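[1] only geometry, no sequence info:
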């Protein structure tokens, strides 16, 4: 049976997808503790009970947002790797910076979510923290800022 996140991805105009998108923007702007389920429901234009029906608790929705972000960044890194395989370091750096900067400018909540999830005083602990940390390490290695992930 597909998860709520998988359902949202399969139907981008669905209520689940609309809630996910709004939650991502709000969590990216205010962090986990700065957002209430009521804010998300108001942002979507639905009743709070509808939000809970589609996503359950706030923590479940937040983890779905982080999973979606993690998968998105992973896809970008795979795209970069395919583009730069076998190219000189200078080209790899240029392409990696261009692609990631374009992505972050087009999706500013992505950078905010990564920063909030790692550096917020009130951050929540999630198993997804390790995934996001690996992506940051992959970016540093791909850009030539570290020899390997262990040195990030």
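    Looks like it arrived, so ask away. Note that this is a predicted model, so its numbers are computed, not measured.
[2] Helices along this protein, start to end?
    Counting by DSSP state H, the chain has these helices, from start to end: 4-10, 15-30, 37-44, 48-55, 58-84, 89-106, 108-119, 128-142.
[3] Could you list every helix and strand in contact with the fifth one?
    Other elements packing on helix 58-84 under the criterion 3 or more Cβ pairs under 8 Å, 6 or more residues apart in numbering; DSSP states H and E are helix 4-10, helix 15-30, helix 37-44, helix 48-55, helix 89-106, helix 108-119, helix 128-142. Just so you know, the C-beta spots here come from the backbone N, C-alpha and C atoms, and that holds for glycine as well.
[4] How far does that helix sit from its chain's centre?
    Its chain's C-alpha centre and that of helix 58-84 lie 5 Å apart, by Cα atoms, centre = their mean, to the nearest Å.
[5] Could you pull out the buried residues of that helix?
    By 16 or more other Cβ atoms under 10 Å, the buried positions in helix 58-84 come out as 58, 61-70, 73, 76-77, 80, 84.
[6] same thing with stretch 92-103?
    Result for stretch 92-103 [16+ other Cβ under 10 Å]: buried residues 92, 93, 95, 96, 99, 100, 103.
[7] List the contacts of residue 7.
    14, 16 (Cβ atoms under 8 Å, 6 or more residues apart in numbering).
[8] how far away is the residue nearest to residue 107 when sequence neighbours are not counted from residue 58?
    Excluding its sequence neighbours, the residue lying closest to residue 107 (Cβ to Cβ, 6 or more residues apart in numbering) is residue 72, at 7.8 Å. Distance of residue 72 to residue 58, given as Cβ to Cβ, to the nearest Å: 21 Å.
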